[in-house]
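[1] just coords:
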């Protein structure tokens, strides 16, 4: 077998592997970030829990704004404490589950503000899940 034949046979033999790898990459429906957000929304089905999360995130943002204005970290710390208190009350008393922030603190923090934005844009309801538009798979 010549060197050209050897290269062709290697290329041909590798082609299905490359194609399968490429197809496997293309078949991925959603990035991992979206999968976590879907999980996060599953953990926030109760409307009282969602409202408490929204209020808590608002307290956190107000604390941040006041900290910037006063150049003091105290309002931010108070806002964060109030925000987590609201969220945890929502989980323990209404949702009856453990907050995702216990296992995934950074992803949960980011997802909470994503949920906050979805509420502000009207993609998630604080009154009834049937009005939710943020998730395509219910």
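    Looks like it came in fine. Note that the structure is a prediction, hence the values are computed from the model and not measured.

[2] Pull the contacting residues for residue 113.
    residue 57 (C-beta atoms under 8 Å, 6 or more residues apart in numbering). Glycine gets a C-beta too; all of them are placed from N, C-alpha and C.

[3] Quickly find the element holding it.
    Assigned by DSSP states H and E, residue 113 belongs to helix 105-120.

[4] cool, and residue 97?
    Taking DSSP H and E as the definition, one finds residue 97 inside no helix or strand.

[5] now residue 82
    Residue 82 belongs to helix 74-89, assigned by DSSP H and E.

[6] got a list of what residue 114 touches?
    residue 37.

[7] And the protein, what are its domain boundaries?
    As assigned by automatic domain parsing, the chain contains the domains 1-30, 32-131.

[8] Of the ones you listed, which stretch is the most buried?
    domain 32-131 (a mean of 16; mean count of other C-beta atoms under 10 Å).

[9] immediately after the lowest-mean-pLDDT helix or strand in the chain, which helix or strand?
    Using mean pLDDT, DSSP states H and E, helix 3-26 stands out as the lowest-scoring helix or strand of the chain, at a mean of 47. Scanning forward in sequence from helix 3-26 by DSSP H and E, the next helix or strand is helix 32-42.

[10] Noted, bye for now.
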